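**Q** Here's my sequence, what's the structure:
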Amino acid sequence: MIYRIYTENKFKEGLLKNLDGYLPAYTVYEGQGRWQGSSEPSLVIEYIGSETDHALVRNIAACIKGYNSQQAVLVIKIQEAESFTV
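**A** Presented below is the predicted three-dimensional model:
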């Protein structure tokens with residue numbers, strides 16, 4: 001299961017330090033997003049977990065929403081066909 005959390009790039013270092021307490025490993029992508037017609041710097045936090053991590057990821061997204069004072073934070077859950085580590 002791949003989870004992606006899309007958020008505004010605010011307070012990045014503090015946000016990542018907080019995430020370290022909840023997720024053992026994750027990837028962060030920086031980009032440019034659009035919200036209601038305006039551009040904003042964005043972060044995508046990608047976490048590979050299991051179906052049982054759904055509540056954890058939802059809670060993390062809610063915390064990020066409050067931390068960044070946002071109206072919304074998008075979470076996408078992707079069912080993976082196959083994954084492996086080399």
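
**Q** going forward, measure contacts and count neighbours with C-alpha atoms only.
**A** Will do.

**Q** And the lengthiest strand in the chain, what's buried?
**A** Looking across the chain with DSSP state E, the single longest strand is strand 38-48. Buried residues in strand 38-48, counted by 16 or more other Cα atoms under 10 Å: 42, 43, 44, 45, 46, 47, 48.

**Q** The second one against residue 34, yeah?
**A** Looking back up the chat, that one is residue 43. No - using Cα atoms under 8 Å, residue 43 makes no contact with residue 34, being 11.9 Å away.

**Q** Just give the closest residue to residue 28, not the sequence neighbours.
**A** residue 45 (4.7 Å; Cα to Cα, 6 or more residues apart in numbering).

**Q** Show me what the one you found is bridged to.
**A** Counting by DSSP bridges, residue 45 forms beta bridges with residue 5, residue 28.

**Q** Let me see the ranges of the helices in the protein.
**A** Here the chain has its helices, by DSSP state H, at 12-20, 54-67.

**Q** In terms of secondary structure, what does the shortest one contact?
**A** Judged by 3 or more Cα pairs under 8 Å, 6 or more residues apart in numbering; DSSP states H and E, the packing partners of helix 12-20 are helix 54-67.

**Q** let's see it at 6 Å
**A** Helix 12-20 sits against no helix or strand, with contacts defined as 3 or more Cα pairs under 6 Å, 6 or more residues apart in numbering; DSSP states H and E.

**Q** Could you check the angle it makes with strand 38-48?
**A** On the basis of axes from the mean of the first three to the mean of the last three Cα atoms, to 10 degrees, helix 12-20 is oriented at 30 degrees to strand 38-48.
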